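[1] Below is the structure, and that's it, no one-letter string:
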C-alpha cells in the first residue's frame with residue numbers, strides 16, 4: 001500500500017462526496033488498457049478499487065494508524081534506499097493513494113525521471129492530482145505481472161512499497177520477475193513490506209486475525225522470505241535486509257548483478 005495526504009478543498013469528516021472524487025480533467029484521464037485482476041476486485045474492493053473506497057481511505061492519518069504510527073519512518077527508509085537525490089530512471093509499481101509518489105517525485109535529481117504503473121485507473125488519477133505538473137513523471141495503466149512496452153534493463157531503480165503482501169503467490173512471483181526484468185544491471189529493487197515479528201512483539205499474535213479477515217495473502221510474508229519468490233534463475237549481486245518495529249516490517253534491497261540483462 002502506498003499512502004497519501006488527504007484531499008484538498010473543503011474537508012469532510014469521513015468520506016468526501018463521490019462527485020468530488022470523480023472530478024477529473026478529461027484530457028488527463030487514464031486510459032484503461034488492461035482489466036483489473038479478479039483477485040483485486042474480490043479481495044480489495046473495499047480499499048483500492050472502488051472510487052468510494054479510495055475516497056474513504058485517502059487520509060494520511062488513517063493509514064498511519066494502520067501502520068501503528070510508522071508510515072513516515074517506513075516511507076523515508078524506502079526513499080533513502082533509492083537515493084538522495086534519486087538519479088536516473090525510477091519505476092514505482094503500484095501507487096495506492098499517491099503520497100509516496102509525491103515524496104518520491106520531490107527527491108528526483110535534475111537528471112531523474114519517474115514512471116508509475118498501477119492496474120487501477122482511478123488510483124493513477126488520484127496520484128496525478130497530487131503530483132506537480134512540473135515534475136518528470138509518467139503514469140501508465142498496466143498489470144504488474146505483465147509490463148508490456150516496458151523494455152528490458154530500462155531503470156536504475158524499481159520500488160515496491162507495501163504491494164507484495166496484497167498478491168497471491170503466483171502474482172507475487174510474476175511481479176518480481178517483471179520488476180527485475182526492467183531493472184538495469186547494477187540497478188536496485190527496493191521492497192518495503194510486512195515481515196513476521198519477533199516472538200516478544202505482541203503484534204505477532206494480534207495481526208493474524210486481522211490479516212485473515214482483510215489481507216488474505218499477507219501471512220505469506222510471515223511464512224516465507226521474499227527471496228523465495230524471486231525467479232529461480234536470478235542471481236543477485238547483493239541482497240540486504242533490515243527489519244523494523246520488532247520485526248513487523250522489512251526493507252529489502254536487491255542489487256542486480258552486472259551482465260544480467262533480463263529474466
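    Right, received. Where do you want to start? This structure is a prediction, so every number in the text was calculated from the model and none was measured.
[2] ok but residue 62 is inside a helix, no?
    Yes. Residue 62 forms part of a helix when assessed by DSSP: H, G, I helix; E, B strand; the rest coil.
[3] Okay, now the unreliable bits of the stretch 151-263 of the chain?
    By pLDDT under 70, the weakly predicted segments of the stretch 151-263 of the chain are 260-263.
[4] Please enumerate the strands of it.
    With strands called from DSSP state E, counting those that start in this stretch, the stretch 151-263 of the chain shows them at 155-161, 183-194, 236-244, 249-256.
[5] Can you say which of the ones you listed is packed in most?
    Between the strands of the stretch 151-263 of the chain, strand 155-161 has the highest mean count of neighbours, a mean of 24, where neighbours are mean count of other CB atoms under 10 Å. C-beta: built from backbone N, CA, C; applies to glycine.
[6] List the contacts of that one.
    Defining contact as CB atoms under 8 Å, 6 or more residues apart in numbering, one finds that strand 155-161 is touched by 1-2, 75, 78, 82-83, 86-94, 100, 104, 115, 175, 179-180, 182-184, 187-193.
[7] Which one, of the strands of the stretch 151-263 of the chain, ends up nearest to residue 108?
    strand 155-161 (11.2 Å; CB to CB).
[8] In its sheet, which strands sit next to the closest one, and in what direction?
    Take DSSP bridges as the rule and strand 155-161 pairs in its sheet with strand 89-93 (parallel), strand 183-194 (parallel).
[9] coming back round to it: for ChimeraX, what selects the buried ones among the contacts of strand 155-161?
    Buried residues among those (16 or more other CB atoms under 10 Å), as a ChimeraX selection:
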select :1,2,75,78,82,83,86,87,89,90,91,92,93,94,100,104,115,175,179,180,182,183,184,187,188,189,190,191,192,193
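[10] Now tabulate the strands paired with strand 155-161 in JSON lines and tack on distance to residue 156.
    What follows is the strands paired with strand 155-161, written out as JSON lines (distance: least, CB to CB, whole Å):
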{"stretch": "strand 89-93", "distance to residue 156": "6"}
{"stretch": "strand 183-194", "distance to residue 156": "5"}
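[11] Nearest to residue 33, out of these?
    Closest among these, once you apply CB to CB, is strand 89-93, at 15.9 Å.
[12] Packing partners of the next helix or strand after that closest one?
    Where DSSP states H and E defines the elements, the next helix or strand beyond strand 89-93 is helix 99-106. Here helix 99-106 touches helix 71-82, strand 89-93, strand 113-118, helix 121-130, going by 3 or more CB pairs under 8 Å, 6 or more residues apart in numbering; DSSP states H and E.
[13] Could you point out which residue ranges in the stretch 1-150 of the chain have low pLDDT?
    Within the stretch 1-150 of the chain, the ranges that satisfy pLDDT under 70 run 1-29.
[14] let's see it at 90
    For the stretch 1-150 of the chain, the stretches with pLDDT under 90 are 1-33, 57-67, 96, 135, 148-149.
[15] Comparing the helices and strands packed on helix 99-106, which comes out most buried?
    Greatest burial across those, using mean count of other CB under 10 Å, falls to strand 89-93, with a mean of 25.
[16] and it, how far from the chain's centre?
    Mean-position distance between strand 89-93 and its chain equals 10 Å (CA atoms, centre = their mean, to the nearest Å).
[17] Give me the contacts around that strand.
    By CB under 8 Å, 6+ apart, strand 89-93 touches 2, 82, 100-101, 104, 108, 112-118, 144, 150, 154-161, 163, 175, 179, 182.
[18] got the angle for it vs strand 113-118?
    Going by axes from the mean of the first three to the mean of the last three CA atoms, to 10 degrees, strand 89-93 is angled at 20 degrees with respect to strand 113-118.
[19] My read is that residue 123 contacts residue 48, right?
    Yes. Using CB atoms under 8 Å, residue 123 is in contact with residue 48, at 6.7 Å.
[20] Is the residue positioned nearest the centre of the chain bridged to anything, and to what?
    Most central in the chain under CA atoms, centre = their mean is residue 161, positioned 3.5 Å from the mean C-alpha point. Listed beta-bridge partners, residue 161: residue 192 (assigned using DSSP bridges).
[21] how near is it to residue 35?
    Using CB to CB, to the nearest Å, we find residue 161 at a distance of 23 Å from residue 35.
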